[in-house]
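Undergrad: okay, predicted coordinates and the sequence, questions at the end:
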Amino acid sequence: MKRCDIAAALASEEPRDEIVIKGWVRTRRDQKGFSFLELNDGSCLANIQAVVDEGSEGFERILEMNTGAAVGVTGALVPSPGKGQKWEIKARRVELIGPADAETYPLQKKRHTDEFLRSIAHLRPRTNKFGAMFRIRSETAFAIHDFFRGRGFINLHAPIITGSDCEGAGDMFRVTTLDLGQPLPKDAVEADFFGKESFLTVSGQLSAEVFALSHSKVYTFGPTFRAENSNTARHAAEFWMVEPEFAFGDLHDNMDLAEDCLKHCITHVRTHCAADVELFAKWVEPTLNAQLDAILARPFTRLPYGEAMEILAKCGKTFEHPVGWGKDLQTEHERYLAEEHFGGPVIVYDYPKEIKAFYMRQNDDGRSVAAMDVLVPRIGEIVGGSQREERLDVLERRIAELGLDPAGYWWYLELRTFGSAPHAGFGLGFERLLMLLTGVTNIRDVLPFPRTPKHLEF
RNA sequence: UCCCCGGUAGCUCAAUCGGCAGAGCGGAUGACUGUUAAUCAUUAGGUUGGGUGUUCGAGUCACCCCCGGGGAGCCA
């Protein structure tokens, strides 16, 4: 007989004479002559309770079925006379599939700290919280694809290994097949696998621009690597990024897309992972539902960078970092705008060109570019994007101004030579979206196996 | 990388001025006829992150190192 997911068993409309459940023991409560065994198989947050009578086949090993053990139960799905669950299993047969020594199994039947669970990342998905987290992560990824597919966007698989050191979004990890334990040969770069310097991607944007100018609407969704020595709760060396790119659109279309995308994901996950999201609302961030409601309730505030700076200058608060035209928006500024002044998501746009990347489209005022960042309470920047410079002469001038080598950008410039068109796009930090959705405050707790400086366990 | 805080039993934490290293949970053993992080009783469990120093005496003070957390910068 086939195994039944616990999620399916608990959703059953009627009793079943014969059902097979397999999973891991969360807790066992022994009574005189029988035991309650609660199993979880990851298919849903809830456990299923099996009642194992001393007459059941396999009962002689019940005392070995400790928390953490893998166990199979065959029996009947019956209405539970006890409180707290609709269905339970009246076991006819129990099987100890894989024991777990109670004395050394690290997970207890009580709350653990996130820090401790990070140190046992191979076992933490067996907890309620991280079990829920990684179901939500999966469903959110689906929501991303669902959103863009519904709008006619093509999913582009951008390369992970790149030869262009001009992606410009941060320090890069070097890729090599050379043995770093040996002295490097002469002409090491030429001798290396690709015959030139190679790196892990820091952005799929340049690839996406190519395909935006062939397929009109594309998005990438894949791993991204930044070798920055960042030690914060919002940065990881390996993370996932969603990067849509579309032709024949401008910065305001870009803002619309970002806003709709965030709202779609929130609604989708709340609908399809309701119990899992509730866990976070109950135990992790008590105001989570109110926050998510507030994001969905109204259009995001949109204001030019210059106005944002004026608000910060006039608000009467003293900031650690200076405020004024040309200064970057610091974390304290972002949080003030999103959390205190507007109390919801804010899209800041038209930044000074000096503090943004070379490829962003110059505005007519001569000093700003068509960039936009979406700032949300608690997280800060969750989306960063821009309309791209599609005018060949303007782009060439900007590259020269910044002292960059145009040779490295030859194909990027050719996109502006042959059939150039206005286009725009953004990067959405997938982990930051998960932090927004769950109220979790550390990026290490939304990644299955987080990579951060000096941390490469598991 | 910079600043701040921390590291004591498997986990979460106490330990007064430098004076016998403790509790809860978890584990083990037993009790209990339907439990819900079951309950009750008994019990085992320690190189106080590592090193050096001060002292009659160091978990406690000083210095160095390792590890963790929070904040900042960089960004998504």
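TA: Yep, it's here.

Undergrad: at the contact with RNA strand B, which residues of the stretch 351-458 of chain A appear?
TA: A:380-384, A:427-429, A:431-432, A:441-444, A:454-455 (Cβ under 7 Å from any atom of the strand). Quick note: C-beta positions are derived from backbone N, CA and C, even for glycine.

Undergrad: chain center to whichever strand or helix holds A:Arg149: distance?
TA: If you go by DSSP states H and E, A:Arg149 is part of helix A:128-150. Averaging C-alpha positions (Cα atoms, centre = their mean, to the nearest Å) puts helix A:128-150 9 Å from its chain's average.

Undergrad: that one: which residues count as buried?
TA: A:128-137, A:139-141, A:143-144, A:147-148 (16 or more other Cβ atoms under 10 Å).

Undergrad: cool, stretch A:414-424 as well?
TA: Result for stretch A:414-424 [16+ other Cβ under 10 Å]: buried residues A:415-416, A:420, A:422-424.

Undergrad: same question for stretch A:240-256.
TA: Of the residues in stretch A:240-256, those buried (16+ other Cβ under 10 Å) are A:240-247, A:249, A:251, A:254-255.

Undergrad: narrow those to those in helices?
TA: A:251, A:254-255 (DSSP state H).

Undergrad: A strand includes A:Met309, no?
TA: No - counting by DSSP: H, G, I helix; E, B strand; the rest coil, A:Met309 is not found in a strand; it is helix.

Undergrad: test my guess that it contacts A:Gly326.
TA: No - under the criterion of Cβ atoms under 8 Å, A:Met309 is not in contact with A:Gly326, lying 9.0 Å apart.

Undergrad: the two - which one has more neighbours?
TA: Just comparing A:Met309 and A:Gly326: by other Cβ atoms under 10 Å the higher neighbour count belongs to A:Met309, 19 against 13.

Undergrad: one step back: ok, of the residues of the stretch 351-458 of chain A next to RNA strand B, which come out buried?
TA: Counted by 16+ other Cβ under 10 Å, these give A:380-384, A:427-429, A:431-432, A:443-444 as buried.

Undergrad: how about the residues you listed in CSV, adding pLDDT, secondary structure and distance to A:Glu115?
TA: CSV is the format used below for these (pLDDT from 0 to 100; DSSP: H, G, I helix; E, B strand; the rest coil; distance: Cβ to Cβ, whole Å):
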residue, pLDDT, secondary structure, distance to A:Glu115
A:Gly380, 88, strand, 23
A:Glu381, 90, strand, 26
A:Ile382, 93, strand, 25
A:Val383, 94, strand, 29
A:Gly384, 93, strand, 30
A:Gly427, 95, strand, 29
A:Leu428, 95, strand, 28
A:Gly429, 93, strand, 23
A:Glu431, 95, helix, 18
A:Arg432, 94, helix, 21
A:Ile443, 93, helix, 14
A:Arg444, 92, helix, 9
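
Undergrad: which one of the residues you listed is nearest A:Lys83?
TA: A:Arg444 (37.2 Å; Cβ to Cβ).

Undergrad: once you drop chain neighbours, what's closest to the closest one?
TA: Sequence neighbours aside, A:Pro450 is the residue nearest to A:Arg444 in space, at 4.1 Å (criterion: Cβ to Cβ, 6 or more residues apart in numbering).

Undergrad: cool, and A:Ala76?
TA: Closest to A:Ala76 by Cβ to Cβ, 6+ apart is A:Lys90, at 4.8 Å.

Undergrad: beta partners for A:Glu238?
TA: Note on A:Glu238: beta-bridge partners A:Phe225, judged by DSSP bridges.

Undergrad: need the helices for the stretch 301-450 of chain A, in chain order.
TA: A:305-314, A:331-335, A:392-401, A:410-417, A:430-438 (DSSP state H, counting those that start in this stretch).

Undergrad: show me where the stretch 101-250 of chain A has helices.
TA: Going by DSSP H, counting those that start in this stretch, the stretch 101-250 of chain A shows helices at A:114-118, A:128-150, A:188-191, A:205-215.

Undergrad: can I get the CA coordinates of the lowest-mean-pLDDT helix or strand in chain A in PDB?
TA: Least confident helix or strand, chain A: helix A:188-191 with a mean of 86, by mean pLDDT, DSSP states H and E. The C-alpha coordinates for helix A:188-191 follow below in PDB (Å, rounded to 0.1, in the frame of the first residue of the first chain):
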ATOM      1  CA  ALA A 188      48.200  31.500 -14.800                       C
ATOM      2  CA  VAL A 189      45.100  33.200 -16.200                       C
ATOM      3  CA  GLU A 190      45.700  31.800 -19.700                       C
ATOM      4  CA  ALA A 191      46.400  28.400 -18.300                       C
END
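
Undergrad: pull the residues that contact it.
TA: Residues outside helix A:188-191 that contact it (Cβ atoms under 8 Å, 6 or more residues apart in numbering): A:178, A:185, A:195-197.

Undergrad: could you do stretch A:80-96 as well?
TA: A:9-10, A:12, A:15, A:19, A:21, A:37, A:46, A:48-53, A:56-59, A:61-62, A:64-65, A:69-79.

Undergrad: let's go with 6 Å and repeat that
TA: A:10, A:49-52, A:56-58, A:61, A:64-65, A:72-78 (Cβ atoms under 6 Å, 6 or more residues apart in numbering).

Undergrad: name the residues of the stretch 51-200 of chain A found near RNA strand B, please.
TA: Residues of the stretch 51-200 of chain A lying close to RNA strand B (Cβ under 7 Å from any atom of the strand) are A:51, A:63, A:66-67, A:80-85, A:88, A:90, A:102-103, A:106, A:108-113, A:115-116, A:118, A:169-170.
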